[in-house]
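Peer 1: missing the sequence, but the structure's below:
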């Protein structure tokens, strides 16, 4: 009996999760990644209950929660430190069936890679889709430096500037610039304690969250021209933009090594793709639905994509029907989340003083009306259930204890 072969182009969170999920479903999998290493420097990831349930499907939910910190009580602040809104982590966990957790992105990458067979992941291997193939007909062909690979299924997980997406939909405009740039860092914890927070200023924001290993995951965003970079480095730019904000922001910036700041312009798929598949190819993650990070759902949606794809595209089913079912499941959901994230990103970019004052007043009013009003933003997102319903070992739905 011939084993069906899947080639995943891209070794990020979405690509690796897809590889693990397909491998568990009976596919022979190969992951080709253009970078020399899978190690992401200076980044953490927040996993909401929806993606944790997806990771439960592939047997990794408990391992992730063991390594992760439960995001504690905190809230929204102004740059001066005034609290605009308070968040209740227990209320969020009860509403959505579990907590929001945070861990280094590298830890999640290591867990995923360890679930794949030796030799399944190739780095320093740029790949090009040269033939998408046809379900029921010819295989797809992926070109790599080591030679061409024929595949029964190709997963395009090659990110925002996806070459696979361009090959499938050459007339599509692709992602557009959102108007702001982001910075992400991992840093030692400051000497004085602090509560998790996201702080919104004029056309800028900053978030700080403790990790389980004692470090801090922090991120920032600010309105900026596309491609603009500081001549004296990103740490210096963070100090200029955020150095006078409330504790612990200046201390975190001071503690960061200059070369350990990730800086990226944010692009989003404001024009939805006609489908997430074509030929023998499917798209996952940013290749399919790049979104602003304002809902923290980019990586979460990529993980969802992976388990839904494996649910439909088993080796023993009709591939064309499976691809169509995958697109039908994922496209409406992710398109709605892309648009919601874009609306919130426009709020974060407000810079005129009257608009910023009104935004702060509305946030404060919403907080006073109770945590349910704030949490409603994530209704229909964080409460998602995978096609195969699973729950964390030793727990029942809706019952969680802080680690």
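Peer 2: Arrived safely. Computed from a prediction, not measured in an experiment: that's the story for all the values here. Numbering: from 1, shown residues only.

Peer 1: how about the helices in the stretch 101-250 of the chain?
Peer 2: 105-114, 163-168, 234-242, 249-255 (DSSP state H, counting those that start in this stretch).

Peer 1: Which of the ones you listed sits closest to residue 273?
Peer 2: Distance to residue 273, taken as CB to CB, is lowest for helix 163-168 among the helices of the stretch 101-250 of the chain, at 7.3 Å. Just so you know, the C-beta spots here come from the backbone N, C-alpha and C atoms, and that holds for glycine as well.

Peer 1: circling back to that earlier point, could you dump the helices of the stretch 101-250 of the chain into CSV with distance to residue 220, mean neighbour count and mean pLDDT added?
Peer 2: Below are these laid out as CSV (distance: least, CB to CB, whole Å; neighbours: other CB atoms under 10 Å; pLDDT from 0 to 100):
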stretch, distance to residue 220, mean neighbour count, mean pLDDT
helix 105-114, 17, 19, 96
helix 163-168, 28, 22, 98
helix 234-242, 6, 19, 97
helix 249-255, 9, 20, 97
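
Peer 1: Of all those helices, which one is nearest residue 270?
Peer 2: Of the helices of the stretch 101-250 of the chain, nearest to residue 270 by CB to CB is helix 163-168, at 14.5 Å.

Peer 1: From the contact counts, what lies against the closest one?
Peer 2: Helices and strands touching helix 163-168, by 3 or more CB pairs under 8 Å, 6 or more residues apart in numbering; DSSP states H and E, are strand 128-131, strand 153-156, strand 281-283, helix 286-289.

Peer 1: what residues does that helix touch?
Peer 2: 9, 128-129, 132, 154, 156, 158, 172, 174, 273, 277-279, 281, 283, 287-288 (CB atoms under 8 Å, 6 or more residues apart in numbering).

Peer 1: hmm, 6 Å instead?
Peer 2: By CB atoms under 6 Å, 6 or more residues apart in numbering, the surrounding residues in contact with helix 163-168 are 9, 129, 156, 158, 278, 283, 287.

Peer 1: next one: stretch 189-200
Peer 2: With contact meaning CB under 6 Å, 6+ apart, stretch 189-200 is reached by 71-72, 74, 76-77, 206-209, 214, 216, 248, 251.

Peer 1: pLDDT wise, what is the residue nearest the centre of the chain at?
Peer 2: Centroid-nearest residue in the chain, with CA atoms, centre = their mean: residue 299, separated by 1.7 Å. Looking at residue 299, its pLDDT is 97.

Peer 1: mind checking the SS state of it?
Peer 2: helix (DSSP: H, G, I helix; E, B strand; the rest coil).

Peer 1: residues of the biggest helix by length in the chain that come out buried?
Peer 2: Longest helix of the chain, by residue count under DSSP state H: helix 319-348. Across helix 319-348, burial judged by 16 or more other CB atoms under 10 Å covers 319, 322-327, 329-331, 333-335, 337-338, 340-342, 345, 348.

Peer 1: mind checking which of the helices and strands packed on helix 163-168 is nearest residue 52?
Peer 2: Here helix 286-289 is closest among the helices and strands packed on helix 163-168 (CB to CB), at 19.8 Å.

Peer 1: check contacts around residue 284.
Peer 2: 14, 18, 155, 157, 302, 305.

Peer 1: oh sorry, the question was meant for residue 275
Peer 2: residue 327.

Peer 1: on that earlier part again, measure the residue nearest to the centre of the chain to residue 317 for me?
Peer 2: 28 Å (CB to CB, to the nearest Å).

Peer 1: cool, and residue 307?
Peer 2: From residue 307 to residue 317 the distance is 16 Å (CB to CB).

Peer 1: what kind of secondary structure is residue 381 in?
Peer 2: Relying on three-state DSSP, one would call residue 381 coil.

Peer 1: Next up, the contacts around it.
Peer 2: Residue 381 touches nothing, counting by CB under 6 Å, 6+ apart.

Peer 1: rerun at 8 Å
Peer 2: Residue 381 touches 48, 50, 295, 297, 337, 340, counting by CB under 8 Å, 6+ apart.

Peer 1: try residue 241
Peer 2: 204, 220, 222.

Peer 1: Among the residues you listed, which one is most surrounded by other residues?
Peer 2: residue 220 (27 neighbours; other CB atoms under 10 Å).

Peer 1: which sections of the stretch 251-400 of the chain are below the confidence cut-off?
Peer 2: 370-372, 389-400 (pLDDT under 70).

Peer 1: now the helices and strands packed on helix 163-168 in a markdown table, with distance to residue 268?
Peer 2: Shown next, in a markdown table, are these (distance: least, CB to CB, whole Å):
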| stretch | distance to residue 268 |
| --- | --- |
| strand 128-131 | 23 |
| strand 153-156 | 18 |
| strand 281-283 | 15 |
| helix 286-289 | 9 |
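
Peer 1: Can you say which of those is nearest to residue 59?
Peer 2: strand 153-156 (19.4 Å).

Peer 1: what helices or strands is that closest one leaning on?
Peer 2: strand 5-9, helix 13-24, strand 140-144, helix 163-168, strand 281-283.

Peer 1: which ones are touching the closest residue to residue 43 other than its chain neighbours?
Peer 2: Nearest residue to residue 43, sequence neighbours excluded (CB to CB, 6 or more residues apart in numbering): residue 105, at 4.5 Å. Applying CB under 8 Å, 6+ apart to residue 105 gives the contacts 13, 40, 43-45, 299.

Peer 1: out of all of them, which strand in this protein is the longest?
Peer 2: strand 176-188 (DSSP state E).

Peer 1: where are the low-confidence patches of the stretch 1-150 of the chain?
Peer 2: 1-2, 40-42.

Peer 1: So which residues of it form strands?
Peer 2: Taking DSSP state E, counting those that start in this stretch, the strands of the stretch 1-150 of the chain run over residues 5-9, 28-32, 44-47, 69-70, 74-77, 83-87, 101-104, 121-122, 128-131, 140-144, 147-151.
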